[in-house]
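**Student:** I'd like to go over a predicted model; first the sequence, then the structure.
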Amino acid sequence: DAKTTQPPSMDCAEGRAANLPCNHSTISGNEYVYWYRQIHSQGPQYIIHGLKNNETNEMASLIITEDRKSSTLILPHATLRDTAVYYCIVRPAGAASKLTFGTGTRLQVTL
Amino acid sequence: EPEVTQTPSHQVTQMGQEVILRCVPISNHLYFYWYRQILGQKVEFLVSFYNNEISEKSEIFDDQFSVERPDGSNFTLKIRSTKLEDSAMYFCASSEPAGQQNIQYFGAGTRLSVL
C-alpha cells in the first residue's frame, strides 16, 4: 500500500474551514484515497473517499491534485465536535482489502 | 442509520483466560474485519473475513486468535489464552459487497483489559 504523510497536529478556530493535507506521492493508479477520523478512543469514522475527482458529501470535501500525489480534506465550518485524529489512507480497490492506519493528524478545534 | 454493534463495551479478564468479543455487522454487509488499538498506538489490522473464510490476516493474528460467524448476524473474535499485551481496544468493521468502494464501517469497540 502507498505510504501517506500527514502533519502530526493542526489547530482550527471554530466556524472556520479546516484544511488537512495528506501526501501520497507513491500512490498507484488503482488506489483510492480514504479519510477516516477517530474521536477519543471511539471507532474510526468514515468521512469521504475518492480516486481522482474532487468529492463532496455532507461532512467534508476532498480535493485531490491532478497528479494524485497529494490531497486535502476540507471541513468547511469546523465545530468543537470535529476535534479528532484524522487519517488519510491509500488503499487498493477491491473487496476486503485492509485499511492501514498511520498516526494521522490531530485536529484541535478551539473557540 | 445502520451501525456495527459490539459487545461488551468493556471486558476484564485474567491472563490465560479465553475471551470472545462479539460484533453484529451491518445487515447487508458481506465483508467483516477486526482491528485493534493498543493505548496510544495506531489502529492495527488483524483479520478480514468473507464467505466464511479468512481473506487476509496480519502477523498479530496468530494461533491464539480465531474468528467465526456462528449464525447469520454475529461475527466473533476469540482469543484462546489472553496475554497482558492483548489489552487493547478491539474494533469490528464491516463493508458492503458492491463494487470497489468497499467503505468499512466501524463499531464503537470493546476495551479488553487483561490482568
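**Tutor:** Perfect, thanks for sending it.
**Student:** Please make it C-alpha for all contacts and neighbour counts, starting now.
**Tutor:** Noted.
**Student:** Residue A:30: how many residues sit nearby?
**Tutor:** For residue A:30, the neighbour count with other Cα atoms under 10 Å in any protein chain shown is 12.
**Student:** closest point of chain A to chain B, which residue?
**Tutor:** Nearest residue of chain A to chain B: residue A:43, at 4.6 Å (Cα to the nearest Cα).
**Student:** Can you pull the phi/psi pair for the nearest residue to that residue once chain neighbours are set aside?
**Tutor:** Spatially, and ignoring its direct neighbours in sequence, residue A:43 is nearest to residue B:108 (4.6 Å; Cα to Cα, 6 or more residues apart in numbering or on different chains). Dihedral pair for residue B:108: phi -80, psi -10, per degrees, to the nearest 10.
**Student:** how about residue B:108, what does it touch?
**Tutor:** Counting by Cα atoms under 8 Å, 6 or more residues apart in numbering or on different chains, residue B:108 touches A:42, A:43, B:4, B:5, B:6, B:9, B:91.
**Student:** roughly how far apart are the closest residue to the fourth one other than its chain neighbours and chain A?
**Tutor:** In space, and not counting its chain neighbours, residue B:5 is closest to residue B:24: 5.1 Å by Cα to Cα, 6+ apart. In this structure, residue B:24 lies at 14 Å from chain A, with Cα to the nearest Cα, to the nearest Å as the measure.
**Student:** same check, this time on residue B:85
**Tutor:** Taken as Cα to the nearest Cα, the span from residue B:85 to chain A is 18 Å.
**Student:** Wait, a strand at that residue?
**Tutor:** No: counting by DSSP: H, G, I helix; E, B strand; the rest coil, residue B:85 is not part of a strand but helix.
**Student:** what's around it, how many residues?
**Tutor:** Applying other Cα under 10 Å, I find that residue B:85 has 11 neighbouring residues.
**Student:** what residues are up against the nearest residue to it once chain neighbours are set aside?
**Tutor:** Excluding the flanking residues, the one nearest residue B:85 by Cα to Cα, 6+ apart is residue B:114, at 7.8 Å. Applying Cα under 8 Å, 6+ apart, one finds that residue B:114 lies in contact with B:12, B:13, B:14, B:15, B:82, B:83, B:84, B:85, B:86, B:87.
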